[in-house]
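Visitor: My questions concern the predicted model and sequence given below.
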Amino acid sequence: MPDDVHLALVRSALAGLAFLDHSSDDEVDPDSAVRATEHMAHPPLALPEADRAALVAMIRQVGEEDEWARGVPFTLGLVSEHDIH
């Protein structure tokens, strides 16, 4: 799959996560937002280490344009606190 496709999928997933994170309690039930975020985090956490690292690199690439995205690898558990750049 071309890198542009992967990057587009990462941007879409980040948009969904941002919606859940930035929605008010009136828009999205907070418990539902947490459950949805956990469900979105599960597949990347199951990836082999090299694939997780590639995903983190793509998220960081998006994070160069979108400050909120920079914290997503830590939020999803893809990196530990000492891995945050």
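Guide: Cool, got the structure.

Visitor: center of the chain, which residue is that?
Guide: The C-alpha lying nearest the average C-alpha coordinate of the chain belongs to Val72 (C-alpha atoms, centre = their mean; 4.6 Å).

Visitor: so which helix or strand takes in the residue nearest to it when sequence neighbours are not counted?
Guide: Nearest residue to Val72, sequence neighbours excluded (C-beta to C-beta, 6 or more residues apart in numbering): Ile59, at 5.3 Å. Just so you know, the C-beta spots here come from the backbone N, C-alpha and C atoms, and that holds for glycine as well. Per DSSP states H and E, Ile59 falls inside helix 49-63.

Visitor: ok so, going back, got a list of what the residue nearest to Val72 touches?
Guide: Neighbour list for Ile59: 10, 14, 69, 72-73, 78 [criterion: C-beta atoms under 8 Å, 6 or more residues apart in numbering].

Visitor: Filter these down to just the ones in helices.
Guide: The members of the contacts of Ile59 that map onto helices under DSSP state H are 10, 14, 72-73.
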